[in-house]
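1. Fold the following, please.
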Amino acid sequence: MIGYVVKRVLESVALLLGVLILVFFMVRLTGNPVALMLPQDATLEQRDAFAAAMGLDRPVPVQFAEYMWGAVQGDLGDSLRRRQPNLEIIVERLPATVELAGAALLFAMVVAIPIGLAGGMRPGSWIDSVARGIGLAGQTIPNFWLGMLLIVFFAVELRWLPAFGRDGFSSIVLPAIALGFAGMGQLARLTRSAVLEVRKSDYLRTALAKGVPARTVSLKHVLPNVAIPIVSVIGIQFTYLLGGSVYIEVVFAWPGLGTLLETAIRDTDFPLVQAITVFISMFAIVIHLATDLAYGAIDPRLRIS
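-> Okay, the predicted model is just below:
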């Protein structure tokens, strides 16, 4: 197990270094940062002074070395517009994004896993049709469009739930449903497919032939054997929800990293955009590492690879 953990940690570190390198150079390929951050009527003296103050007048290898050294130490630079450390701003907004992503993931799991299990255990039944329908709808309906429909129906027409902001439990219901709907569809399809595959096994047919109740078979025989793909997808879905929350947070005016990124792009806050991108990538890598270790602990066979 120790060798498996060390291997996964080293892979995650290498991936993180690759992300840092990619973000640094991709942002600079978009154009001259000074031209992006200063107004068009800025004088040459102002541009030169700004470039010197931001360290953009130095050679690119020097900028890259300082950027990497700062990132290793947890320094993601300062916001141009807010005049605050970027990490401080991100940490302030992070709880709202994690809360929304967690609520969306919980909604997806609570709905999708039971329906996927029931549909896989009874192929061709009405519950199986529901599971397949949810899987199809989740993969085809855009979450931002679904979010606007939820606002129109539940907030404007029925006035049951608030449409915007972060104020109590009721305010998270609509954005969590909109954000978690796609993950619910994928999780339902995966659970159903995994159950159908397990149903072909001899030990499951033997248990059913002995008259073991279907509920007992699902909980004691089916669920443990489909846990590995479910755990892996849950980890992937959480990272997707963190990144995909940008659209939903803007639609519902949710004060998280998504709205912060949208504001930073609109304000051409070059350092803050770069810092948010790096931070989300780092967060996703950590979650993937935790997921790898989790299903490595569930299935000892994976530790051999």
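
2. Quickly list the domain ranges of this protein.
-> 2-72, 90-304 (automatic domain parsing).

3. tell me the average confidence for the first one?
-> Looking back up the chat, that one is domain 2-72. Domain 2-72 shows a mean pLDDT of 75.

4. quick one: terminal-to-terminal distance for stretch 148-158?
-> Start to finish, the residues bounding stretch 148-158 are 14 Å apart (C-alpha to C-alpha, to the nearest Å).

5. got the buried residues for it?
-> 150, 151, 154, 155 (16 or more other C-beta atoms under 10 Å). (C-beta placed from N, C-alpha, C; glycine too.)

6. quick one: which of these is nearest residue 188?
-> Closest to residue 188 out of those is residue 150 (19.3 Å), distances taken as C-beta to C-beta.

7. what's near enough to touch the closest one?
-> Counting by C-beta atoms under 8 Å, 6 or more residues apart in numbering, residue 150 touches 174, 177, 178.

8. And what about it, helix, strand or coil?
-> Recorded secondary structure, residue 150: helix (DSSP: H, G, I helix; E, B strand; the rest coil).

9. Isn't residue 120 up against residue 190?
-> No - between residue 120 and residue 190 there is no contact under C-beta atoms under 8 Å: 10.1 Å.

10. And the helices in this structure, which stretches?
-> Applying DSSP state H to the chain gives helices spanning 2-29, 33-37, 44-54, 60-72, 86-121, 126-140, 143-150, 170-198, 202-209, 214-217, 223-251, 257-266, 270-298.

11. just how off-centre is the last one within its chain?
-> Meaning helix 270-298. Between the centre of helix 270-298 and the centre of its chain there are 9 Å (C-alpha atoms, centre = their mean, to the nearest Å).

12. now swap in the third one and tell me
-> Helix 44-54 has its C-alpha centroid displaced from the chain centroid by 37 Å (C-alpha atoms, centre = their mean).

13. From the contact counts, what lies against it?
-> Contact partners of helix 44-54 among helices and strands, from 3 or more C-beta pairs under 8 Å, 6 or more residues apart in numbering; DSSP states H and E: helix 33-37.

14. pLDDT below threshold where in this protein?
-> 1, 4-5, 27-38, 54-55, 203-204, 207-208, 212-215, 217-221, 294-305 (pLDDT under 70).

15. quick revisit: between residue 120 and residue 190, point out the one with more neighbours.
-> Between residue 120 and residue 190, residue 120 has the larger neighbour count (other C-beta atoms under 10 Å), namely 24 against 20.

16. Quick check: closest non-adjacent residue to the more buried one.
-> residue 195 (2.6 Å; C-beta to C-beta, 6 or more residues apart in numbering).

17. That neighbour reaches residue 226, doesn't it?
-> Yes - contact criterion C-beta under 8 Å: residue 195 and residue 226 qualify, at 6.0 Å.

18. what's the overlap in contacts for the two?
-> Taking C-beta under 8 Å, 6+ apart as the criterion, residue 195 and residue 226 both touch residue 117.

19. give the contact list for the closest residue in space to residue 172 that isn't next to it in sequence.
-> Once flanking residues are discounted, residue 172 sits nearest to residue 103: 5.2 Å by C-beta to C-beta, 6+ apart. Contacts of residue 103 were listed using C-beta under 8 Å, 6+ apart, and they are 172, 176, 180.

20. Quick check: the closest residue in space to the last one that isn't next to it in sequence vs residue 138, distance?
-> Nearest-residue entry for residue 180: residue 104, 3.3 Å, with adjacent residues in sequence omitted and distances by C-beta to C-beta, 6+ apart. Remark: distance between residue 104 and residue 138 (C-beta to C-beta, to the nearest Å) = 12 Å.

21. Alright, calling it a day.
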